[in-house]
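> need a structure here:
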Amino acid sequence: MENNIFELQYALDTFYFLVCGALVMWMAAGFAMLEAGLVRSKNTTEILLKNVALYAVACTMYMVCGYMIMYGGDLFLSTITGDGVAGAEEAATYAPSADFFFQVVFVATAMSIVSGAVAERMKLWAFLAFAVVMTGFIYPMEGSWTWGGNAVFGMYTLGDLGFSDFAGSGIVHMAGAAAALAGVLLLGARKGKYGPGGQINAIPGANLPLATLGTFILWMGWFGFNGGSVLATASVESANAVAIVFMNTNAAAAGGLIVALIVARFMFGKADLTMALNGALAGLVAITAEPSTPTALQATLFGGIGGALVVFSIVTLDKMKIDDPVGAISVHGVVGLLGLLLVPITNGENSSFSGQLIGAATIFVWVFGTSLIVWGILKAVIGIRVSEEDEYQGVDVSECGMEAYPEFVGSKGSGI
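Prediction:
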């Protein structure tokens, strides 16, 4: 009887884990739609190709070496592809291969953050070359120091210092933003974005309905992102924990959107859809570091703080001439740090402000530093930016040889 109960719990937890992983995988579609909506029409095909290709690269590199670096084990999943419940698996709550699948979609999420920030002027193959290193080495190394529980350079573990990141505000989102920032600094701004005397020229996206759809897809996928990080659901305790995480994740997104919309109205005098969308995403990032301990009201307030912060951050980065077409660095980086710093407010037993700061600094310095080196090597060897002519014409034609909307834009239509 006990064995039957265990097998049922094992099956339910594994199924839940896989479904949550599939929801996180669906976030790849959300990033693709969001970014395709916020870039100009002449760059749509290339940004879509980047998103689908980076997902494939992430899955392959994490299989080849990333998972081994992050959690140990042999290459090619030889230690995590057991069949059925036997031996060491009896101590687990879910199939080991389910854990790999859940982890690999997180890797792809971190890399998806980079694609939006470098959009409209980066070479496709330089981006994919960076994706190989990011998903196969840079992310797994910082992941091994955090979720993997390994000592940083053999000296200390971040968990022992009071660092906690439930689902990845820092480990996934801030890491992706750090890699993006390094690329943007070496890449430079889009032509025409900044003028003389500090002038900032708006470059609106081509398809705001698509961007809105992408935000809703991300919002939905985030339930798997945070909810799956509970790691189980087949007991009363874990089921209640999952319900709280879902509730707080949704509340934070709502709070982030509302506050961002209000702040943008006071700052710009109009209701700004793109700021509202980024506000929702900022709320989600803010709650990701600890969605299991706040009350629903606290989660809404945390999301609201993230929504306000992202508006100010996007404006500030523009003034600093850091060109981020989709606001990824602000949403995932600045608010990712905020999310880490909010953890001790509701989970002081497992975290401290000093531990969160040390953990955030470790993640940022490692990812930003190594990314800067990799981007620098790529810039010197193959170049990372398309030519001025190709940028003006649109990278769809120069990088992909096809247009997303051939009847309406570009060389075959009336638009530019």
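> can you give me the helices for the stretch 251-400 of the chain?
273-288, 296-319, 328, 335-346, 353-381, 388-393, 395 (DSSP state H, counting those that start in this stretch).
> and the ones you listed as CSV, adding distance to Leu186, mean pLDDT and mean neighbour count?
In this view, the C-beta of every residue, glycine as well, is placed from N, C-alpha and C. Putting the helices of the stretch 251-400 of the chain into CSV (distance: least, Cβ to Cβ, whole Å; pLDDT from 0 to 100; neighbours: other Cβ atoms under 10 Å) gives the following:
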stretch, distance to Leu186, mean pLDDT, mean neighbour count
helix 273-288, 24, 98, 30
helix 296-319, 16, 98, 22
helix 328, 16, 98, 29
helix 335-346, 21, 98, 25
helix 353-381, 5, 98, 18
helix 388-393, 16, 95, 14
helix 395, 17, 96, 26
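> right, and these - which one's nearest Ile200?
helix 296-319 (5.1 Å; Cβ to Cβ).
> Any chance of CSV for the helices of the stretch 251-400 of the chain, columns distance to Ala234?
Formatted as CSV, the helices of the stretch 251-400 of the chain follow (distance: least, Cβ to Cβ, whole Å):
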stretch, distance to Ala234
helix 273-288, 24
helix 296-319, 24
helix 328, 36
helix 335-346, 26
helix 353-381, 31
helix 388-393, 53
helix 395, 48
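> Which of these sits closest to Ala189?
Using Cβ to Cβ, the nearest of the helices of the stretch 251-400 of the chain to Ala189 is helix 296-319, at 9.6 Å.
> quick one on the thing from earlier: so which of the helices of the stretch 251-400 of the chain comes closest to Thr249?
Ranking the helices of the stretch 251-400 of the chain by proximity to Thr249 (Cβ to Cβ) places helix 273-288 first, at 5.9 Å.
> That closest one - contacts with which helices or strands?
For helix 273-288, the packing partners by 3 or more Cβ pairs under 8 Å, 6 or more residues apart in numbering; DSSP states H and E come out as helix 208-227, helix 236-268, helix 296-319, helix 335-346.
> Turn these into JSON lines, columns for distance to Val152.
Shown next, in JSON lines, are these (distance: least, Cβ to Cβ, whole Å):
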{"stretch": "helix 208-227", "distance to Val152": "25"}
{"stretch": "helix 236-268", "distance to Val152": "28"}
{"stretch": "helix 296-319", "distance to Val152": "27"}
{"stretch": "helix 335-346", "distance to Val152": "16"}
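> Compare those helices and give me the one nearest Phe137.
The nearest among the helices and strands packed on helix 273-288, by Cβ to Cβ, is helix 335-346 at 20.7 Å.
> Tell me which residues are up against that closest one.
164-166, 169-170, 173-174, 177, 282, 285-290, 293-294, 298, 302, 305-306, 309-310, 313, 351-353, 356-357, 359-360 (Cβ atoms under 8 Å, 6 or more residues apart in numbering).
> confidence score at Ala95?
pLDDT, Ala95: 81.
> try Lys193
pLDDT, Lys193: 96.
> Equivalent analysis for the one 3 residues further on, please.
Predicted confidence (pLDDT) for Pro196: 88.
> ok, it - how many residues close by?
5 (other Cβ atoms under 10 Å).
> contacting residues around Ala53?
Neighbouring residues of Ala53 by Cβ under 8 Å, 6+ apart: Leu128, Ala131.
> typo on my end, it should be Ala129
Applying Cβ under 8 Å, 6+ apart, the residues near Ala129 are Leu378, Ile382.
> which stretches of the stretch 51-200 of the chain have low pLDDT?
Applying pLDDT under 70 to the stretch 51-200 of the chain flags residues 73-92.
> just the helices in it please.
Remark: helices assigned in the stretch 51-200 of the chain by DSSP H, counting those that start in this stretch are 67-71, 96-117, 124-133, 139-145, 175-187.
> do you know which of those helices lies nearest Lys42?
With Cβ to Cβ, the closest approach to Lys42 among the helices of the stretch 51-200 of the chain belongs to helix 124-133: 14.5 Å.
> Give the buried residues for that closest one.
For helix 124-133, a neighbour-count test (16 or more other Cβ atoms under 10 Å) marks Leu124, Ala126, Phe127, Ala129, Phe130, Ala131, Val132, Val133 as buried.
> so Gly205 sits right up against Ala211, yeah?
Yes: using Cβ atoms under 8 Å, Gly205 makes contact with Ala211 at a distance of 6.0 Å.
> joint contacts of those two?
Counting by Cβ under 8 Å, 6+ apart, the residues touching both Gly205 and Ala211 are Gly37, Leu38, Thr274.
> Which residues are in contact with the second one?
This means Leu38. By Cβ under 8 Å, 6+ apart, Leu38 lies in contact with Gly116, Ala119, Gly205, Ala211, Thr274, Pro325, Val326.
> again, only using 7 Å
By Cβ atoms under 7 Å, 6 or more residues apart in numbering, Leu38 lies in contact with Gly205, Ala211, Thr274, Pro325, Val326.
> Return the per-residue confidence for it.
Leu38 carries a pLDDT value of 97.
> Leaving out sequence neighbours, find the closest residue to it.
Gly205 (3.8 Å; Cβ to Cβ, 6 or more residues apart in numbering).
> does the one you found sit in a helix or strand, and which one?
Following DSSP states H and E, one finds Gly205 outside all helices and strands.
> Test my guess that it contacts Gly37.
Yes: judged on Cβ atoms under 7 Å, Gly205 makes contact with Gly37 at a distance of 5.3 Å.
> SS state for Met402?
Three-state call for Met402 (DSSP: H, G, I helix; E, B strand; the rest coil): coil.
> Near it, how many other residues are there?
For Met402, using other Cβ under 10 Å, the count is 12.
> Who are the contact partners of it?
Counting by Cβ under 7 Å, 6+ apart, Met402 makes contact with Thr45, Asp396.
> at 10 Å instead, please
Thr45, Glu46, Leu49, Asp396, Gly410 (Cβ atoms under 10 Å, 6 or more residues apart in numbering).
> if I look at it, how far off is Lys42?
Using Cβ to Cβ, to the nearest Å, we find Met402 at a distance of 11 Å from Lys42.
> now do Val334
Per Cβ to Cβ, Val334 is found 29 Å from Lys42.
> I'd like to know which of the helices of the stretch 251-400 of the chain is closest to Met63.
Checking those against Met63 by Cβ to Cβ gives helix 353-381 as the closest, at 20.5 Å.
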